[in-house]
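A.B. asks: Pasting the sequence and the predicted coordinates here, then a few questions.
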Amino acid sequence: MENLFDKWKTKIPKYSEAHKDLFNSLSQKFGAEGEKKINFGKHFSTNYELYMYAFFLGLYNEEFSPIPDTEKKTDFSHHIQHWGSKTTTLERKDFTNLQENIFLAVVAKTNVDFIALEKGEIKEDDVVKTLIQTMESYTNGGLILIKEKIDENPNYFLQSTSFLNMILDSKLGKKKQEEDVE
Amino acid sequence: MIVKKISIENYLCYCGIKDFELSDGLNIILGENGEGKTKFFEALDWLFNGNDDGLELLVSAKALEETEVGKSLRVQVSIVVEQYEEKKIITKSFLVKKLKANECSISNYMLEGTEENKSGERVQIDGKNLLDRIFPFQIRKYSMFKGEAELDIFKSDGALTNLINLFSDAKHYDKYSEKGILLREKAERAVEDSTKNDKKNESLYKKLESDIKIAENDKYKLTVHLDSTDEEIRKLEGKLQAAESHVKNADALETINKRIKNIEDRISDLNGKIDENYTTSLFDENWIAVNFETIHHEFAEKISLFSIEKRKQQSEFDKQKGIKEGERKAKAELLNNSIPLPIGVPSKAHMEEMIKDQLCKVCNRPAKKDSEPYNFMMERLKEYLTSQTHDEEETNDNPLYKNDYTNRLVNLSVSQEDNLKNLRGVRTRIKDLFKFNDARKKDIEQLNTELDGEKAERDKILGNSSIAEEKLVDVLKNYNAWQGDLKQRNHEQLDYNSKMKIVLAELKAKKEEKDTIDLKSANKFLIKTRAILRDIETIFKDTKEMKFDEFIEKLQGKSNSFFGKINIESFRGTIVFTKRIKGDKSIVDIELQEDGRTFYKPNQSLLTSMHISILFAISELASETKEENFPMIFDAPTSSFGENKTAEFLNLIYETENQKILLIKDFLSTDKKTKTLTIKKEFEHVKRNKAFWVKLERPFDPNNLKTINTQVITL
C-alpha cells in the first residue's frame, strides 16, 4: 500500500536564512545543559522543536507565508522521522503523534488531486514536494510572528508561559475558546 | 632490629662518653625540660638522617672548653644493634681541633659501619649502606616522632597510601596491574585495527571512538568536580562543628538545624513538584495540538470526499466495463444508485456473524435466509472474498487506479480520531496545572516565612555562646554562610552524581556498540584474546584493591584495639579509615567518629592517643610483613596526657612487642625549698624494662653553656 506519510517523513524541510538568528537564540542544538538549564522550559531544547512550534503557530494563525525566492533556504539536516526523542525516552517523549498531526494539517491545507495521483497522472514525488512547501510556508509564517514579538519586546520570551500563551491565543485558539464558551 | 646500646660522645650537652644500654622492650628516659631529652632524640636523628651541615654547632661547649688549644676531641654518636643474631655498629663522628679559646676546625666527618658475625669477627663496611639495610629509610620515617604534632604523619594526602603500599601485599600486584593494563590496551588496539580494515562501518566506528573519548573526558571532568566538592563539604562540616562547639545550647541548635533542614527539604520537594516546563509540555504532552480539532476535521472531510469520489468513479468504471464482475456488483447495487462502502466494510468476521445470526447488525433488522437483505450480505461477503484472491483475468485488465493512497489516509484520519478526545482535555489540563503550580507557590511562600523564623531563632541560640562578642559576630556571619555553602555543595554533589550516572551509562552504551561492531568486523581470535585480557586486567586490579582494603581493615581493627586500651574508661569514639578515589589515586582518610558522625574537635590528648594507636598498629603490621621488629622512638609524645594517663599508657605499651624508647618529662618533682629534683614514687608502679634519668650535672650556670653536662643515670 502506498504511503504518503512514510515518504513525507523522510524529508528535511527548510527555513529561510533570515530566521537563522531565531534558531541560534531560542533553541539549543544539543539540548539544554548547565546554566542554561535554568531557562529550561522557556526555550526549545532542539532546533526541530522550534521548527514544529513555528509551524503550528503559523497554522493556527493562518499565516501562510511561502519563503520568498530572494531569501536563501537552509535546514538543520534532521529528517522529520527523527524528530522527537526515540532513544532517550527516559526524559522526553517520542513525537510520532505530532508528526502525524503535522502531516494531516499539511495535507488538509495543500491542494492535491489524489484521484489524479492514484490514477498515476501526477507523481508522488511532486505531491510530497508541494506538501513540504506548505509546511515550510506555515513555519515561515510562524517564525515571522515570533520575530515580531521579539522586536516588540526582547524580554517577552523570558516568561515560562510565553510560548504556550502564543499557541492558546492564536486565531484558531481564540475561536475555539469562543466556541467552548458558547 | 634491636638497639642494644646508644653512645653519645661530646654531643651538645652530653660531655664525655654517655652510654645507654637498652632493653628489647620498653625503655623510658625521664628528664626535666632542657636537661637533655630532646638532645638525645636529636643525636639519634643526626645519626640516622643528618648530614655534615653546621657540625661546629653540635660540639659540647664544656668538652671544648676543657680541651687544650691545639688538641683535638671527637664528637660521636653510635648505636650497637642486633639483627638476626648478628651485631652491627653504626657510628657517625667528626674531629674537632681547638684553634683558639672559642675557635675550632672540623674534620674527618664520617659514617662507619661494622658487622660482627657469630664467631666475633668484625668487618668494616659502608655505614650508609649498612644503615639502610638494617633500618630502611621508609621505616625510619615511621619510627621516630618528636612531640605530639609530628604524630599526625597522615595529614598529607598521600602519606598513608604510601605506607599501606609499603606494607600491604597490594604492592606485589602493582606490576601485574600495570602489565594487565598494557596487555589489555594492546589487545584493544589490535581489535580496533582489525575492525578498521572493514570499511563498511568506518564512519560509524570513528564517530563512536570520538564519542567515547568525549564521554571519558566528561567523566574525568566530573570526577574532578566531585572530588573538590566532596572535599569542600568535608571542610564545611568541620568548620560548622567547630563553630557549634562555641555555642552553649548545642542540643537546641541541633534541633533547630534539623527543623531548618526539614523545611528546606519540603521547599525543594515542592519546587520539584512545580512543573513549569510549559514549552516542553507543548511537545511531550502534545499541548501544541490543542487547536488541532478544526484542522483534523478539515483533513477528514477532504479525505472522505476523495474517497467517495474515488469509489464513485470506480463504480462507474466497473459498470462501463460491463464485465461479469461488474454485473455481479450491479446485483449488489444499492438503492437510489448510492455509492457502495469500501470493500471489506463491515469486516469479513462481522459479515459472517451477521449472516449466521440472520440479522443485519448495522440497521438492526432481521435478514432471514434467502431474503433480500440476506442475499445482499452474502453478495458483499463474496465480493470481499473474490477481491482477496488474485484474479488473473482482472490483473490483465487495465485498472482505473494504479495506486491506492487514500486508504492509508483514511486510516490515519480514523486513528487520529481517538486522539481528538485527548486534545479536547488539554485546555482544562493546562488550567489545572496552573492552579496546582500557584497553590504550590503559595505553600512555598509560607514555608519561607517559617524558615525565616527558624533562622532568626538559630541566630538567637548562636548569640548565646561562649566566645567574645565581636568574635561572635564573625562566627555567626560565617555560620550562616557556611550552612548556605554546605547546602549548595550538597546540591552540587547530587547534581554531579546524577550527571556522572548519565555519562557512565552513555559510556557503557557506546562501548557496547563499539564492541558489537568489533564482533561483526574483527578477527575472532583477536576478540577472544581481548576478552581474556580484559578479564585478567580486572582480576589484577580487583586483587590489588582487595589486598589494599584488607590491609586498611586490619589497620583499623588494630588501631581501634590500641585506641580502646589507651583510652580505657573514657570517651574515645572510633577511628575510621575510609578509602576514596581522587583522580586515579586511592586516598585513605582517617577520621574519628562517634555514632557514625565525624568528630571534628577532639581534644589534643584524644588526638594524640589516636595517632599513637595508629602508629602502633602500623608498627605491628610492619613487623608481621617484614617478619622483623623495629624500634619506635618518641620524644614527649604524651605531653597532653597528664601523669595518670601517661602511666596507663606506658603500662599498655609495655605489653606491645616492639622495642620502644620513650622520652618523657613526667614522674619528676622538684623540692620547693632545696630545689632538688627527685623521681616520684608513682614511677615505681610503671611497668618498664629499663629506665634512665637524664639530668644536668649540678651546679650549673644556666647562662653558660660551658657548665652544661648531662648525666645519664640508669635506674
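C.D. replies: Right, received. Where do you want to start?

A.B. asks: Only C-alpha atoms from now on, for both contacts and neighbour counts.
C.D. replies: Noted.

A.B. asks: Longest helix in chain B, please.
C.D. replies: Using DSSP state H to define each element, chain B has its longest helix at helix B:469-521.

A.B. asks: relative orientation of whatever helix or strand comes next after that helix and helix B:469-521 in degrees?
C.D. replies: Sequence order places helix B:524-566 as the next helix or strand after helix B:469-521, per DSSP states H and E. Interaxial angle of helix B:524-566 relative to helix B:469-521 (axes from the mean of the first three to the mean of the last three C-alpha atoms, to 10 degrees): 150 degrees.

A.B. asks: For residue 43, list the residues it contacts.
C.D. replies: In the absence of a named chain, this looks at chain A. The neighbourhood of residue A:43, defined by C-alpha atoms under 8 Å, 6 or more residues apart in numbering or on different chains, consists of A:26, A:27, A:157, B:279.

A.B. asks: actually chain B
C.D. replies: Counting by C-alpha under 8 Å, 6+ apart, residue B:43 touches B:8, B:11, B:77.

A.B. asks: so which of the contacts of residue A:43 is the most crowded?
C.D. replies: Neighbour tally across these (other C-alpha atoms under 10 Å in any protein chain shown): the maximum, 26 neighbours, falls on residue B:279.

A.B. asks: now the angle from the helix or strand containing residue B:650 to helix B:524-566?
C.D. replies: With secondary structure defined by DSSP H and E, residue B:650 is part of helix B:643-655. For helix B:643-655 against helix B:524-566, the angle between stretch directions is 130 degrees (the same axes, to 10 degrees).

A.B. asks: residues of helix B:643-655 that come out buried?
C.D. replies: The neighbour-count criterion (16 or more other C-alpha atoms under 10 Å in any protein chain shown) identifies B:643, B:645, B:646, B:647, B:648, B:649, B:650, B:651, B:653, B:654 as the buried residues of helix B:643-655.

A.B. asks: Those also near chain A: which ones?
C.D. replies: When those are checked against chain A using C-alpha under 8 Å from any C-alpha of the partner chain, none falls in range.

A.B. asks: Establish whether stretch A:123-141 and chain B are in contact.
C.D. replies: No. Using C-alpha under 8 Å from any C-alpha, no contact is recorded between stretch A:123-141 and chain B, whose separation bottoms out at 9.8 Å.

A.B. asks: which parts of that stretch are buried?
C.D. replies: Within stretch A:123-141, the residues scored as buried using 16+ other C-alpha under 10 Å are A:124, A:127-128, A:130-141.

A.B. asks: Ok, stretch B:92-108 next?
C.D. replies: When burial is assessed from 16+ other C-alpha under 10 Å, stretch B:92-108 yields the following buried residues: B:92, B:93, B:94, B:95, B:96, B:97, B:98, B:104, B:106.

A.B. asks: check contacts around the residue lying farthest from the centre of chain A.
C.D. replies: What lies farthest from the middle of chain A is residue A:119; by C-alpha atoms, centre = their mean that is 31.3 Å. Taking C-alpha under 8 Å, 6+ apart, we find residue A:119 in contact with B:400, B:401, B:402, B:403.

A.B. asks: go on, residue B:177?
C.D. replies: Contacts of residue B:177 (C-alpha under 8 Å, 6+ apart): B:537, B:540, B:541, B:544.

A.B. asks: Next, format these as TSV and append neighbour count, distance to chain A and pLDDT.
C.D. replies: Conversion of the contacts of residue B:177 to TSV gives the following (neighbours: other C-alpha atoms under 10 Å in any protein chain shown; distance: C-alpha to the nearest C-alpha, whole Å; pLDDT from 0 to 100):
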residue	neighbour count	distance to chain A	pLDDT
B:537	21	32	87
B:540	20	36	85
B:541	19	33	84
B:544	21	37	83
